[in-house]
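>>> Turn this into a structure:
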Amino acid sequence: MSNKTLLGTMLNSLVPISQLNQGKAAKIISSLGHDDIRIVVKNNEPMAAIIPISRFSELIEAEALLKEQKHG
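Sure thing, here's the model as predicted:
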């Protein structure tokens with residue numbers, strides 16, 4: 001992926017916290033595909049990430065495997 005494409009993807013993933021405060025959270029969450037991420041920004045600073053639960057589960061499993069490998 002080129003830097004230009006990556007930057008565009010990142011910019012498209014930004015969600016101002018005001019949208020969540022305006023009741024748009026359900027729409028934002030339901031629009032997520034498996035590989036989508038939304039970055040919540042407050043005062044132009046990233047504050048949180050919204051990811052689908054299936055992706056979250058995969059990340060938790062991967063973290064556990066890495067810890068096993070590190071300590072195993």
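>>> Check this protein and tell me which residue is nearest its centre.
I37 (3.0 Å; Cα atoms, centre = their mean).
>>> just checking, that residue touches I51?
Yes - between I37 and I51 a contact is recorded at 5.3 Å, counting by Cβ atoms under 8 Å. Every C-beta, even on glycine, is put in place using the N, C-alpha and C of the backbone.
>>> What separation is there between the residue nearest to the centre of the chain and Q69?
To Q69, I37 is 25 Å away according to Cβ to Cβ, to the nearest Å.
>>> and if you look at N44?
38 Å.
>>> and if you look at H34?
In terms of Cβ to Cβ, H34 sits 25 Å off from Q69.
>>> again, but for I29
In this view, I29 and Q69 are 33 Å apart by Cβ to Cβ.
>>> Just the CA atoms of the longest helix along the chain, as PDB, please.
As assigned by DSSP state H, the longest helix anywhere in the chain is helix 53-71. C-alpha atoms of helix 53-71 as PDB (Å, rounded to 0.1, in the frame of the first residue of the first chain):
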ATOM      1  CA  ILE A  53     -15.500  -7.600  18.200                       C
ATOM      2  CA  SER A  54     -14.300 -10.400  15.900                       C
ATOM      3  CA  ARG A  55     -11.200  -8.400  15.200                       C
ATOM      4  CA  PHE A  56     -10.800  -7.700  18.900                       C
ATOM      5  CA  SER A  57     -11.000 -11.400  19.700                       C
ATOM      6  CA  GLU A  58      -8.300 -12.200  17.100                       C
ATOM      7  CA  LEU A  59      -6.000  -9.500  18.600                       C
ATOM      8  CA  ILE A  60      -6.500 -10.900  22.200                       C
ATOM      9  CA  GLU A  61      -5.700 -14.400  20.900                       C
ATOM     10  CA  ALA A  62      -2.600 -13.200  19.100                       C
ATOM     11  CA  GLU A  63      -1.500 -11.400  22.200                       C
ATOM     12  CA  ALA A  64      -1.900 -14.500  24.300                       C
ATOM     13  CA  LEU A  65       0.100 -16.600  21.700                       C
ATOM     14  CA  LEU A  66       2.900 -14.000  21.800                       C
ATOM     15  CA  LYS A  67       3.100 -14.100  25.600                       C
ATOM     16  CA  GLU A  68       3.200 -17.900  25.500                       C
ATOM     17  CA  GLN A  69       6.100 -17.800  23.000                       C
ATOM     18  CA  LYS A  70       7.900 -15.100  25.000                       C
ATOM     19  CA  HIS A  71       7.600 -17.100  28.300                       C
END
